[in-house]
Structure formats: C-alpha cells, structure tokens
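*Asks:* Provide a 3D model corresponding to the input given below.
(one chain, ligands or ions: 1)
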Amino acid sequence: MNNANDLNAFLDEAWVHLALGVTDSSSPARYPTFATVSPEGKPEARTVALRGASRFESVLEIHTDITTLKVFALEHNPYAAFHIWLPKADLQIRLTAFVEILTGADVDLQWAKVPPSSRVSYGTVPPPGTTIEEAYAYKKPAKQNRFAVLKCNLKEIDLVHLGACHRRASFVCHNNWLGTWLSP
Ligand SMILES: Cc1cc2nc3c(=O)[nH]c(=O)nc-3n(C[C@H](O)[C@H](O)[C@H](O)COP(=O)(O)O)c2cc1C
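*Replies:* The predicted model follows:
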C-alpha cells in the first residue's frame, strides 16, 4: 500500500501526469491554464497545449506565436504559472516557472517537428488579439519567424490531492526539489 506521507511519491505522481499531458491528448494535463502578468500588473490566463515535460531539467515547454500577449507579458515579467486539474486523480497541480522565450535558430529542431497542419498556428495575420471587421477576416500562413518556444523553468510546485482526507504539499527548486506538507 502507498504511504500517504511519502512526499517523493506525491511528486512522482505529478510528474507522471505532466509526462502524460505531452503524449496523451485526452489527458487533462494536455491543456493547462497558463497565467502571466501584463506590463500593467494585471493577471492574464489562457489555455495552452503542453508540448514538452522534462523532470530531469525541471522544464515544461509551450509553443506560441511571438506576437501574442503572453510573449509581450513575459518580456516584461518572465514569471508565469500553470494550473492543471485532474478530476480522475483528484489532483490539482500548480506550477510557478521562470520563462525563457526561444526563437529563430534556437527552435529549428522544434519547428521541424511541428506538423504542417499545426504550423498555421504561428503567423496569423493580423496578429492574434487585433480587432477585425468580421469573424473570419484573418489569414493563417505558417511563418517560422513567428514561432516561439516558451521554455518554462519550474521553480515551485504545489499539489493538492482530494482524498478522504485532503493532502497538500509544496516543493521548491534550489539545486534539488525540497518538499513540505502544507495544511490544505
Ligand atoms: C485547447 C486550446 C489549446 C491552445 N493551445 C495554445 C498553445 O499551445 N499556444 C498558444 O499560444 N495558444 C494556445 N491556445 C490559444 C490561447 O488560449 C490564446 O487564445 C492565444 O494564445 C492568445 O492568448 P494571449 O493573447 O493571451 O497570449 C489554445 C487554446 C485552446 C482553447
């Protein structure tokens, strides 16, 4: 039987779900909420697709268009948060990350792996968020020079498990991940 007091096992469980989010499009971890802070200090949250998860590097990866507001926000404040709710596992995962915006030759490898049908997500004209006259008054050319990889270096992980008795733990990354139980 699992030891409910095992912090490492709790963290392991979260990483299993993060890895599944990358490979299994039916996992709720596939589409986290990703929150940034605007230059005016306002919170901004949106759905993104999880494209990479490396426990070894403590990194999650998102792909986006460099003209989106999230990139503008991250240029002013590189900290972001993820939120994932896994209803079958009764698990909430919240993550804080320091985000590097990678573009150009640094993301050639990732661009090569983006299927042509998905490349049109990078290059919309006019840029995402621009006012348009009609619902479909835009074009979606695929533009590699608009493609960005958000390398999200994880700094904090907060887990809440809803069981007969709830469990909550916080993990902070210094050189290693240090965890502690929290009152839920
Ligand atoms: C299911 C789903 C997945 C999405 N995946 C992404 C994504 O991976 N990257 C992205 O930039 N936007 C993605 N979007 C669109 C964003 O939610 C958002 O509308 C867009 O990026 C503009 O956001 P921003 O102006 O706040 O940056 C997704 C939307 C949905 C509904």
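*Asks:* List of residues touching stretch 17-35?
*Replies:* Residues outside stretch 17-35 that contact it (CB atoms under 8 Å, 6 or more residues apart in numbering) are 43-53, 55, 60, 62, 70, 80-87, 89, 91, 93. C-betas here are computed from N, CA, C, even on glycine.
*Asks:* If you count residues, where's the longest helix of the protein?
*Replies:* The residue-count maximum for a helix in the chain (DSSP state H) belongs to helix 7-23.
*Asks:* Going toward the C-terminus from that helix, what's the next helix or strand?
*Replies:* Sequence order places strand 33-37 as the next helix or strand after helix 7-23, per DSSP states H and E.
*Asks:* Quick check: residues of this structure near the ligand?
*Replies:* 31, 44, 46-49, 62-64, 68-70, 128-129 (CB under 6 Å from any ligand atom).
*Asks:* Got phi/psi on Val114?
*Replies:* The phi and psi values for Val114, taken as degrees, to the nearest 10, are phi -80, psi 120.
*Asks:* Would you confirm that it contacts Thr64?
*Replies:* No: using CB atoms under 8 Å as the test, Val114 is too far from Thr64 to be in contact (11.7 Å).
*Asks:* ok so, going back, is it possible to get JSON lines of the residues of the chain next to the ligand that adds neighbour count?
*Replies:* Shown next, in JSON lines, are the residues of the chain next to the ligand (neighbours: other CB atoms under 10 Å):
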{"residue": "Tyr31", "neighbour count": "14"}
{"residue": "Glu44", "neighbour count": "14"}
{"residue": "Arg46", "neighbour count": "13"}
{"residue": "Thr47", "neighbour count": "9"}
{"residue": "Val48", "neighbour count": "18"}
{"residue": "Ala49", "neighbour count": "17"}
{"residue": "Ile62", "neighbour count": "21"}
{"residue": "His63", "neighbour count": "21"}
{"residue": "Thr64", "neighbour count": "23"}
{"residue": "Thr68", "neighbour count": "18"}
{"residue": "Leu69", "neighbour count": "15"}
{"residue": "Lys70", "neighbour count": "25"}
{"residue": "Pro128", "neighbour count": "14"}
{"residue": "Gly129", "neighbour count": "10"}
